[in-house]
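Q: for reference, the sequence and a predicted model appear below.
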Amino acid sequence: MMMALLVVGFTGCATTYNVATDFDKGTNFQAYKTWRWYQDQPVAKDSTNRRYTTFLDKRVKNAVETEMQRRGFQKASASDKPDMLLAYDFTIENQQRLSPDFVSIPSIGFGYWYGYRYAYGYNRMFNTSTLQDYQQGTLILDVVDAKSNELIWRGSSETAATERSLTDEKVQLIVSSILAKFPPQTDERATARR
């Protein structure tokens, strides 16, 4: 019993990612079986205009390829024509957030045990606000129809992260959380039409 409670407790603490998706409501996603990369590197470039693949690029590509295979989609060879093309972009931007700081002031009141003892407590009072800098990472995955070259599905996820903190495991979790919504289920498409 205790072990089951621990498992449920740790599962509840698992990191979740804010995933957003959009798609073409008229697309028959059941017709898509094969795919290939749309581009060799993500669209966004840094100021150095690098011409090589970074660790993050490799991690994203490996995670997408693993997840697409797990979901039953076949990666087309260079000579085969795929049903869909996948493009991705990862941006990391500097962000700021305002965090209120509180000051605790001691106060004296009646104790709750017997009614006659005094107890020290602390009241939180608003003091100042602190401006905190952090980095926001956004991963966007696009699925494009290979024949029409039209976007048919987009998934994205945001997380507070630096490029160094995006390990293989974290990238795999982010990609899995996005592609868990691809292809859209029948009930999603019906709801979207209303």
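A: Sure thing, it's come through.
Q: going by C-alpha atoms from here, please, whenever you check contacts or count neighbours.
A: Noted.
Q: distance check, Leu179 against Thr54.
A: Per CA to CA, to the nearest Å, Leu179 is found 22 Å from Thr54.
Q: that should have said Lys81, apologies.
A: For Lys81 relative to Thr54 (CA to CA), the value is 28 Å.
Q: quick one: the strands in the chain?
A: 18-23, 34-37, 74-75, 84-110, 118-145, 151-160 (DSSP state E).
Q: now the fourth one: average pLDDT?
A: Per-residue pLDDT values over strand 84-110 give a mean of 66.
Q: got it, and stretch 179-191?
A: 76.
Q: still on that earlier bit, between Leu179 and Thr54, which one's more packed in?
A: Leu179 (20 against 10; other CA atoms under 10 Å).
Q: does the more buried one touch Glu67 like I think?
A: Yes. Applying CA atoms under 8 Å, one finds Leu179 in contact with Glu67, separated by 7.3 Å.
Q: could I get the biggest helix by length in the chain in PDB with only the CA atoms?
A: If you go by DSSP state H, the chain has its longest helix at helix 55-70. Extracted in PDB, the C-alpha atoms of helix 55-70 (Å, rounded to 0.1, in the frame of the first residue of the first chain):
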ATOM      1  CA  PHE A  55      24.200  19.000 -29.800                       C
ATOM      2  CA  LEU A  56      20.700  20.400 -29.400                       C
ATOM      3  CA  ASP A  57      19.900  19.900 -33.100                       C
ATOM      4  CA  LYS A  58      21.100  16.200 -32.800                       C
ATOM      5  CA  ARG A  59      19.000  15.700 -29.700                       C
ATOM      6  CA  VAL A  60      15.800  17.100 -31.300                       C
ATOM      7  CA  LYS A  61      16.300  15.000 -34.400                       C
ATOM      8  CA  ASN A  62      17.000  11.800 -32.500                       C
ATOM      9  CA  ALA A  63      14.000  12.400 -30.300                       C
ATOM     10  CA  VAL A  64      11.700  13.100 -33.200                       C
ATOM     11  CA  GLU A  65      12.900  10.100 -35.200                       C
ATOM     12  CA  THR A  66      12.500   7.800 -32.200                       C
ATOM     13  CA  GLU A  67       9.000   9.100 -31.400                       C
ATOM     14  CA  MET A  68       7.800   8.900 -35.000                       C
ATOM     15  CA  GLN A  69       9.000   5.400 -35.300                       C
ATOM     16  CA  ARG A  70       7.400   4.500 -32.000                       C
END
